[in-house]
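1. Next input, structure requested:
(2 chains)
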Amino acid sequence: MIAWLLLVSLSRSSAQDAGVFPCGPRNVTVSASDQLILLTWEDDPSCTSRRHTLTYELEVLIADQPAHHEEVAVSPDQMGSPHSWSWSPHLALECAPFTLKLRSRSHGRTSPWQLERIGPGHAHSLSPEVYPRDKVFRVGTQATFCCVLPTGQALITLNVSGDSSSNWVRRKIGNRTHSLTVDLVKGSVESGANVICETQTEHNGACAYIGYPPADHDLTCETRDFQSVECLWTVGRNTHLALKSPTTYRLLGSTCAKGSAGRCSHKVRVDFEERDWILTAQNQLGTVNLTDRADLMRRVHMFAPQEVKVSSVNARSVRLEWNWAIQMYDELNVRCQLKISDNQTSAVRECLGVALRFAVLDDLIPNWPYEVTMRCGTAQHFWKWSEWSSSVEFLTMGDVPDALDVWMQGNDSQTIITWKVLPANQSHGNIIDYEVTWEATSERRNKSRVLHPKRSLALSLDATREHVVSVTARNKYGNSSPSTITIPVLNRGSGRVKSSKTQGSHGGFNLSWSAASPMASCGYIVDWCPSRGPCTIDWLRVPPSQTNVCIFSKNFREGVRYMLSIYGCTRGAPVLLERREGYVKEKIIPDGLFRTLNWKQRDMDVEVSWDPVALQEQSAFIQGYILYYGQNNSSVMNISTDDPRDTSLTARNLQINSYTFTVKANTTVGQCGATSITVTLNSLTDNLIKAVGITIATIFVLLCLIVILCYRNWECIKLKVCPPIPMPVLKDKWMTSLTKKSCRPVFVEMSHHTEAELMAIPELHCKSEAPALDCSYRANGCFGEPVENLSARCAAAPCLLPLLPPPPTPPPPLSSSLPKDGRLNPSYNLSSTDSLVEGSHGYQPQKQKGQLEEASDTPLPCVFTYIPLPSE
Amino acid sequence: MAEQQQQQQQEEQEEGMKSPDTPVPGSSPTGKALSLARLLQSECSRLLQLYTEQETFLSEEPPKGSRMVSLSPSAEQPDPEEAVRRLHAALRQCLGLLHSAIARAEEEWGELEGDYETLRHTVRIRLEHLLHTTKNLLQTDDATLEVTPDIRCDEETDGGGGGAFQLKIWTHRVLLELVHWADHATQALHVLHTQREGTQDV
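-> Next up, the predicted model:
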């Protein structure tokens, strides 16, 4: 769009003038293209005879202002040939008129200036024009843009968009032309920075691409197929010119494919020779040549093996086969790596050979899935590995299980044979069951089968003899080899080994024991269990050379005490060597550790005691106890003991006051398990009074009890103490008739002297001989059936009471049945007797009648004795 | 009475043009065309947004110059079919402009694969689809509409020769033109759909 107008105005001074240096430039021409000014000229013919160097002076004026000065020296041998000079101005040629001045100089004499002008030929434009357009600049340089305004318009803004430039300097360099000089500090966006010029009515602009020359490095060349060279290099920083001037690459003069970032190949004959491999990277801002000197026969980068497959799969080995992508690989001594992976592990094996096309993988796990991939390289002059081949998956055949790891656990009555469940990589197939055989020396062999997944068997063995126990596992492929353990004589030796404390660390135990025991010919076994409570024993085998082990188990719990036993593995029974007790991590014992806290005052001392702390309650080793005591709102004192077996502490010299006693357990994790009681101390006098009061109260209660008992059992007591007088056995007819008439009442006037008074006959008592009277004192007293008989029988006796004087105090309980008139009715009052006995259980008057009748027919079984009445 | 009906119809047309963001039309040909136009409208707007995000100076510069797509004068009140027919011609010019913009950009900067370039490709396909759809809407025995890009080789439509900056300015104008005519297509097709399907509920 921009038409260049080249104006050449030759203002040539006349060389004919006298006194002027005649050897000046002739046939001067000036041209401009792509922002480059090219000036050519010839020497004046008069110069050819010169023997001295001639100097040409060049001066460039931009908008009539000096912009550049330069001198060109021409030696005598260059005389006569055309000369040229080129220059790239900082300002676009479209921006302002350029004037080039040229003259010669020699020994202080100069030729006249010859002027050449290059002027912008702007077409009449309605909008501002910005120059240069779409030029590529290098970051870190300075750039000058100009804006040529339409006639009659004024500049409003001239700037560069984005943040790729700084330090803007604007100048007016002509009537309609303004320049903007900026420092280019950053690469522009790939579509270029925008230089925008704006007037009152129009705006326009130009794009400027700011970036870097290529900075690629580290060229390395190799061959993969012996027919081409492939070079790799590291691509340098972003040039920011990917669109306007993308970097082009040439390898050995041949253009690399577009977009070949860091890799280019070229067909070439590969020989056994060392040579330079040259890569050229180029963009508008520069060129970089990268060179790598190499013998490609030592730079063979093989392609990955192809068509990798598995053949002849066995239980513990497979054969792997593959092909090569390049036929020539068969002539190479090849080294291959085979990466064998399962779900858990990965291992690499190597194989080596010429024309290598198969490999046998052995030591595999039966019935186990694998994945194999491989890569190869040249064995001689190894350069680099090929890529990994595609992977192949396979499953090995099954096999009999591996031998079990068997251990024992003894308790008081049984020996538990236990074994570890075989993991899948040892079972080689699904386990069906286990066979346990045991025998004592010279005894018949016992056998038992345990179904999977059970993994233990309790045996009741003769504790006085050693037994040999063997366990095998069975799957569909057969039985494992037996694992044997000798069960020692129960508790032999184990009682002599005392346990010592050990500390856990990092969630496990670091155990070490005394130097290798000569007994432990086949190593050591360390087993562990919680010290108390249910236990599923776990164990670990340690080789003979090792006397320490780190034990970790997912079953370990903090705050639980574990018993760890170290056994020596011998040809016979394992021998217990050491025992340890410890916590994986001790935990603070919660408060309220001491379930029962008792106290006892002795004079002014108080002994606080507690029950021994159960092991289950101890989440840390107890090293002793501390008793804190103090009165309310006063200082707290303490006493302690370092013996964890102590169960009491005594606080001495206390005062009569209320005290709070707190007992804490002292552990390595601090004092914990606090339990408190508050007690009030009593004075000694108080104690005495209290003792007397308690004694009196006790006596009173006892007396009351006795009285109540006597009252409730008065009948019986009375019968015992004052038995009724039995009816004498008389042949008298009256008595007989009386009896027959069922104790018909006979009223006797009390005023009359009774026969008893007259005769002063001693009182007749019924001797309570149990067998005779059946008047036994049982739990139900005397009101049972026998008592009824007794009552009846004994009641028959008082029929003679009228013969007796009324008894002195206390009145008998039967007095309640006396008439209210106070008159003593010495006769039997059956109705009263009924009412009396009604309160007793089961009394039947009708029956009594019968009984009475019966009694009349039978002699009384009572043994009557005369008991003198107590005098008072 | 006839004047009142005509006025009412005009109001309905204007109403349809004022509120094109209505529910999705049905499956009738005009409904499909309207849906397509709405989709094109949103994609053109998004394309313009992406371009101004890339060339931030464009968002500060108000668009200058007259319409790039010009249509021959028409009657003051063309009927809906005529309006769509005229719109079809405008869309062909838009497609021509878009083709030129793509070619010029690839000539200047090569083939790129950014979000803008991907959406630009989508818009081109969508515009071609809409042209086929409107062609089918207006197909008669007498006349068949063209669906090829209408490329006019003048300075206004070929991106000019002012370098990359002019190309950016010109591309911006093309995108504005696309947005304008996609919007117009939505309105015109809405009116036609209303007329043919006899419903405002689109």
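2. Tell me the secondary structure of the closest residue to B:Trp109 other than its chain neighbours, please.
-> The shortest distance from B:Trp109 to any non-neighbouring residue, by C-beta to C-beta, 6 or more residues apart in numbering or on different chains, is to A:Leu243 (3.9 Å). Placement of C-beta: from N, CA and C, glycine included. Classification of A:Leu243 by DSSP: H, G, I helix; E, B strand; the rest coil places it in coil.
3. If you tally nearby residues, what's the number for A:Leu243?
-> Neighbourhood size, A:Leu243 [other C-beta atoms under 10 Å in any protein chain shown]: 18.
4. quick one: it and A:Val300, what's the gap?
-> 38 Å (C-beta to C-beta, to the nearest Å).
5. ok, now A:Glu558?
-> Distance of A:Glu558 to A:Val300, computed by C-beta to C-beta: 60 Å.
6. of these two, who's got more company?
-> Using other C-beta under 10 Å as the criterion, A:Glu558 and A:Val300 rank with A:Val300 on top: 25 against 13.
7. Which residues are in contact with the more buried one?
-> The contact partners of A:Val300, by C-beta atoms under 8 Å, 6 or more residues apart in numbering or on different chains, come to A:Glu222, A:Thr223, A:Arg224, A:Phe226, A:Leu332, A:Gly377, A:Thr378, A:His381, A:Trp383.
8. which residues does the residue nearest to B:Trp109 contact?
-> Applying C-beta under 8 Å, 6+ apart to A:Leu243 gives the contacts A:Glu190, A:Ser191, A:Gly192, A:Tyr209, B:Glu108, B:Trp109, B:Gly110, B:Leu112.
9. pLDDT-wise, which helix or strand of chain B ranks last?
-> Every helix and strand of chain B was ranked by mean pLDDT, DSSP states H and E. The lowest is helix B:2-18, at a mean of 41.
10. How about the secondary structure of residue 99?
-> Using chain A here. strand.
11. wait, I meant chain B there
-> helix.
12. OK, contacts around it?
-> By C-beta under 8 Å, 6+ apart, the neighbours of B:His99 are B:Arg124, B:Pro149, B:Ile151.
13. just to revisit the earlier point, is it possible to export the contacts of A:Val300 to TSV including neighbour count, secondary structure and distance to chain B?
-> Shown next, in TSV, are the contacts of A:Val300 (neighbours: other C-beta atoms under 10 Å in any protein chain shown; DSSP: H, G, I helix; E, B strand; the rest coil; distance: C-beta to the nearest C-beta, whole Å):
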residue	neighbour count	secondary structure	distance to chain B
A:Glu222	20	strand	31
A:Thr223	21	strand	32
A:Arg224	18	coil	29
A:Phe226	18	coil	36
A:Leu332	21	coil	41
A:Gly377	18	strand	37
A:Thr378	20	strand	39
A:His381	12	coil	42
A:Trp383	17	coil	35
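14. quick one, helices of the chain?
-> Reading this off chain A. Secondary structure of chain A, counting by DSSP state H: helices at A:424-427, A:684-712, A:714-721, A:733-740, A:755-759, A:770-773, A:785-796, A:830-838, A:845-857.
15. wait, I meant chain B there
-> Using DSSP H, helices in chain B cover B:2-18, B:29-54, B:56-60, B:80-109, B:115-138, B:163-197.
16. Now list the buried members of the contacts of A:Leu243.
-> A:Glu190, A:Ser191, A:Gly192, A:Tyr209, B:Glu108, B:Trp109 (16 or more other C-beta atoms under 10 Å in any protein chain shown).
17. low-confidence ranges in the chain?
-> Here I'm looking at chain A. Residue ranges of chain A with pLDDT under 70: A:1-20, A:121-124, A:412, A:441-443, A:490-496, A:516, A:726-872.
18. That was the other one, I meant chain B.
-> Ranges of chain B meeting pLDDT under 70: B:1-26, B:61-65, B:74-75, B:141-143, B:153-161, B:199-202.
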